[in-house]
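Visitor: Quick one: sequence plus predicted model below, questions after.
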Amino acid sequence: SALFNFQSLLLVILLMICTCTYVRAVAPRVIDRNKEGYVSIFGLFFMSARIGERLSPYVALACVTMAVTMLIQ
């Protein structure tokens, strides 16, 4: 399970950030309509997209690092 394995949890979080950022770039209305309520799961998608936009170099570096780690194992 991804909740008990730290590496899998990081992978799931990175994939969610990348996916939400991509969806916001392609169809911004889908993600932007949820920025009012940060409490719901859709608010979490909006915050993930915002993290991916503002910290994109660090997210990209984390994705490359995770890919190298997965290839080595």
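Guide: Thanks, I have the structure now.
Visitor: tell me which element the nearest residue to Met16 once chain neighbours are set aside falls in.
Guide: By the measure of Cβ to Cβ, 6 or more residues apart in numbering, the closest residue to Met16 outside its immediate chain neighbours is Ser48, 5.3 Å from it. Where C-beta positions appear, they are placed from N, C-alpha and C, glycine not excepted. Using DSSP states H and E, Ser48 sits in helix 41-54.
Visitor: Any buried residues in that helix, and which?
Guide: Phe42, Phe45, Phe46, Met47, Ser48, Ala49, Arg50, Ile51, Gly52 (16 or more other Cβ atoms under 10 Å).
Visitor: Tell me how far the third one lies from Val26.
Guide: Between Phe46 and Val26 the computed distance is 15 Å (Cβ to Cβ, to the nearest Å).
Visitor: Packing partners of the helix holding Ser48?
Guide: helix 6-26, helix 28-32 (3 or more Cβ pairs under 8 Å, 6 or more residues apart in numbering; DSSP states H and E).
Visitor: could you dump those to TSV with distance to Ser56 and mean neighbour count?
Guide: Shown next, in TSV, are those (distance: least, Cβ to Cβ, whole Å; neighbours: other Cβ atoms under 10 Å):
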stretch	distance to Ser56	mean neighbour count
helix 6-26	7	15
helix 28-32	15	13
